[in-house]
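In: Provided below for reference: sequence and predicted model.
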Amino acid sequence: MLQMQGWSVLVRLTPPALTLLCAAIFGTGIVHAAPSDEEAVRRVVNGFPEAWNRHDMDAFGALFAPDADFVNVTGTHWKGRESIQLNHAFTHGAIPIDSAGVTVPRGIYGIFKTSILHFKQIDIRFLRKDVAVAHVRTELLGDARTKDPRRTLVVMILTQGGGRWLIAVAQNTEINRPPELNR
């Protein structure tokens with residue numbers, strides 16, 4: 001009988017009161033990070049175009065965790081900081097064309113050598129206090145293969161370890177890929 005009385009109280013709650021009660025019982029899934037963590041994540045995310053635009057692939061690689069994953073616009077999956085840095089360095093013409101370990105086609109050597117990457121919008125959400133996701137809208141100018149700007153949505157998952165935020169996962173998805181890049 002006592003159990004039934006409790007349920008009758010729940011049935012009489014207004015929808016907003018019931019929502020608050022459920023949120024209190026089950027949690028809302030919202031994680032509030034310290035402002036300093038959001039600033040630190042933004043610094044790492046903004047370090048991506050800064051290193052890219054200087055064609056400094058050492059600084060670019062340092063943004064990634066040692067065991068990071070990166071999926072580029074063509075669906076190529078690079079595993080580990082070294083592979084991510086090496087293949088980007090090749091496309092920036094920052095290493096010799098015959099460098100060992102490169103997995104991208106030889107014909108794209110140096111295509112980004114004079115490119116400029118702009119981050120147009122960055123949205124950050126914390127999944128946990130030590131895990132953040134960033135959705136970034138980009139525009140790339142100066143791809144040697146096309147006169148058209150290239151636009152992408154980059155998703156980055158960043159993790160904090162040892163007091164430092166690093167990119168653990170990144171996927172770059174092209175929006176309206178210029179047709180000349182599909183040849």
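Out: Cool, got the structure. Residues are numbered from 1 along each chain as shown.
In: Stretch 139-159: which residues count as buried?
Out: 140, 142-143, 146, 150-152, 154, 156-159 (16 or more other Cβ atoms under 10 Å). Every C-beta, even on glycine, is put in place using the N, C-alpha and C of the backbone.
In: measure that stretch end to end?
Out: 25 Å (Cα to Cα, to the nearest Å).
In: Figure out how far the strand or helix carrying residue 173 is from the centre of its chain.
Out: Assigned by DSSP states H and E, residue 173 belongs to strand 164-175. With Cα atoms, centre = their mean, to the nearest Å as the basis, strand 164-175 stands 3 Å off its chain's centre.
In: ditto for stretch 94-107
Out: For stretch 94-107, the distance to the chain centre is 24 Å (Cα atoms, centre = their mean).
In: contact partners of that stretch?
Out: 55, 57, 76, 78, 82-83, 86-87, 89-91, 109-110 (Cβ atoms under 8 Å, 6 or more residues apart in numbering).
In: Likewise for stretch 160-179?
Out: 37, 40-41, 43-44, 48, 63-65, 67-73, 129-132, 146, 148, 150-159.
In: switch the cut-off to 6 Å
Out: Residues outside stretch 160-179 that contact it (Cβ atoms under 6 Å, 6 or more residues apart in numbering): 40-41, 44, 63-65, 68-73, 130, 146, 148, 151-159.
In: With stretch 71-86 instead?
Out: For stretch 71-86, the surrounding residues in contact (Cβ under 6 Å, 6+ apart) are 57, 61, 64, 66, 68-70, 87, 101, 171-172, 174.
In: For residue 33, state which of the buried residues of stretch 139-159 is nearest.
Out: Residue 33 lies nearest to residue 158 out of these, by Cβ to Cβ, at 11.1 Å.
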